[in-house]
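Asker: next input, structure requested:
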Amino acid sequence: MRFNMILEGVNFIQKSERYLHAKSLKWTKSPDTITKLILNGSFIVTIVLVFLLLISLTQVHNSYVINRLFAGFAAIIYLAFAAYLLKIRRRRIVAWMLIALYLCIAGFILHAWGVNAPVGILLLGFVIVLASILLGAKYISYVTIAVILLLISLQALSSLGISHPDTSTLDNHPTFGDVASYATIFGVFALIAWVSGKQMEQSLRRALTAELALEKEKDSLATKLEEQTLSLHEAQAKEMGQLYRFAELGQLTTIILHELANYLSILTLDIEDLKERHQNSIAIDRAKESISYIDTIIDQVRNQIKESDNIQKFEPSMIIMSTLEQLKKKHPMANILLSDTRNLRQKRSKIVGDPLRLSQAITILVTNAAQAQTVHMKTAILIEISSSSNLIQVKVKDFGIGIPELSREQLFQPHKSAKGGGMGIGLYITKQIIETHFKGKISIDPSTDFTQFNLQIPILH
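Answerer: Here you go, the predicted model:
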């Protein structure tokens, strides 16, 4: 029966150890917390015991509790001093003070009622738990040896007749055999507590290592986020600068268009006057046709500035053919060729959008090719038009020296021009027209032997 009670006590202590270890892991960031918890709990229990002893003395008139009252007040002062040491960051000293306090209480109980007193034995086991929790597995063996030496000393004093414990409540008189049994149990218990403490310490060490790694990763991510934010702000500032330059260009274009329209009106009147004087003049007819084309371009730009698109269904082949006819007159030295579009006209494939915008996109691509010819060599400019079930495909080829690989990477960006006097907005505008207005795609053929732009525009069904 005695050993069953002791084993139940050991089981309770093991559960307490696991609970306190779990709490110590939870409070890893504050090593003083678990010590403070045990100190405050001890302080509260001591005050309650002293209060009960005062009631026993004053109400029941038990005079034998006077010595215990003095011991209780001494324990309160002792714990108050330990609280002061904990406040000034002397945690290890406070841990030893708590272990010493419970060891003394256990020694007093065993001295008064014998080494078989269950409460005293349980307190000794609790002392080993405290050593594991507050000081770590390193000090368990020292505390266990102190506990066993205390048991041996108390039993020796009782056997020599120096102390006279009250064993009337015990079944058997304490012997050194009991001390040996307790020492064995405490030794096994200390071994278990040491192994458990080591595992807890390793887990705690791994948790701290993982936490440090997470902190470093957090700092690294914060740095990367800051760099990306800075890069984004720089890109936004660059984009805003480009938009500002486009706004300035738009204002300048509006002024130029106004002046150009005025001069074209005067020029038209002059042409009419010349025609009355010179009947059947081919040159004057061509001049009138050119002026009509320029008027159309001006109306187109005005509509774009006013954001009033002429959205309609139309056959792209007809617009492209008309545009190329005008470009042949504008660039008579360029060899502009158009592939056979009879099959395409028979299908009567249509797209949705502003016909003038498609004309503008084709004009930019063909004009760029024609200007490249005048600089380098005279070769053909070939425009191929084909269709599939869902797309109209337009290819604009010129067989000059091609575009270098480095220049292709920034080809459709604004203000990036391969020509010395170019503004670098033609291909950017073309990309916006095809992809934004017509919801299509524009790309450049990867070959560097010649230049080929591929346009894909969805067909209306």
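Asker: from the contact counts, what lies against the host helix or strand of residue 148?
Answerer: For residue 148, the host element (DSSP states H and E) is helix 140-159. Under the contact criterion of 3 or more C-beta pairs under 8 Å, 6 or more residues apart in numbering; DSSP states H and E, helix 140-159 touches helix 91-113, helix 118-130, helix 176-277. Where C-beta positions appear, they are placed from N, C-alpha and C, glycine not excepted.
Asker: of the ones you listed, flag the one that's most buried.
Answerer: When you average the neighbours per residue for each of the helices and strands packed on helix 140-159 (mean count of other C-beta atoms under 10 Å), helix 118-130 leads with a mean of 22.
Asker: quick check: mean pLDDT across that one?
Answerer: In this model, helix 118-130 has a mean pLDDT of 87.
Asker: doesn't residue 170 fall inside a helix?
Answerer: No. Judged by DSSP: H, G, I helix; E, B strand; the rest coil, residue 170 forms no part of a helix; its state is coil.
Asker: phi, psi for the closest residue to it other than its chain neighbours please.
Answerer: Excluding its sequence neighbours, the residue lying closest to residue 170 (C-beta to C-beta, 6 or more residues apart in numbering) is residue 116, at 5.0 Å. Dihedral pair for residue 116: phi -90, psi 0, per degrees, to the nearest 10.
Asker: quick check: residue 116 vs residue 160, distance?
Answerer: Note on residue 116: its distance to residue 160, by C-beta to C-beta, to the nearest Å, is 18 Å.
Asker: of the two, which one has the most company?
Answerer: residue 116 (25 against 8; other C-beta atoms under 10 Å).
Asker: how about the more buried one, what does it touch?
Answerer: Residue 116 makes contact with 2, 167, 170, 172, 174, 178, according to C-beta atoms under 8 Å, 6 or more residues apart in numbering.
Asker: turn those into CSV, including distance to residue 212.
Answerer: Shown next, in CSV, are the contacts of residue 116 (distance: C-beta to C-beta, whole Å):
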residue, distance to residue 212
2, 50
167, 56
170, 54
172, 56
174, 52
178, 49
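Asker: residue 366: which of those is nearest?
Answerer: residue 2 (108.5 Å; C-beta to C-beta).
Asker: least trustworthy helix or strand in the chain by mean pLDDT?
Answerer: In the chain, the helix or strand scored least confidently by mean pLDDT, DSSP states H and E is helix 2-26, which has a mean of 50.
Asker: on that earlier part again, flag every buried residue along the helix holding residue 148.
Answerer: 140, 143-144, 146-148, 150-155, 158 (16 or more other C-beta atoms under 10 Å).
Asker: cool, and stretch 45-59?
Answerer: By neighbour count on 16+ other C-beta under 10 Å, the buried set for stretch 45-59 is 46, 49, 50, 53, 56, 57.
Asker: cool, stretch 431-439 as well?
Answerer: Buried residues in stretch 431-439, counting neighbours by 16+ other C-beta under 10 Å, are found at 431, 432, 433, 434, 437, 438.
Asker: adding distance to residue 325 and pLDDT, write the residues you listed out as JSON lines.
Answerer: Putting the buried residues of stretch 431-439 into JSON lines (distance: C-beta to C-beta, whole Å; pLDDT from 0 to 100) gives the following:
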{"residue": "431", "distance to residue 325": "25", "pLDDT": "90"}
{"residue": "432", "distance to residue 325": "25", "pLDDT": "87"}
{"residue": "433", "distance to residue 325": "20", "pLDDT": "88"}
{"residue": "434", "distance to residue 325": "22", "pLDDT": "91"}
{"residue": "437", "distance to residue 325": "23", "pLDDT": "86"}
{"residue": "438", "distance to residue 325": "22", "pLDDT": "90"}
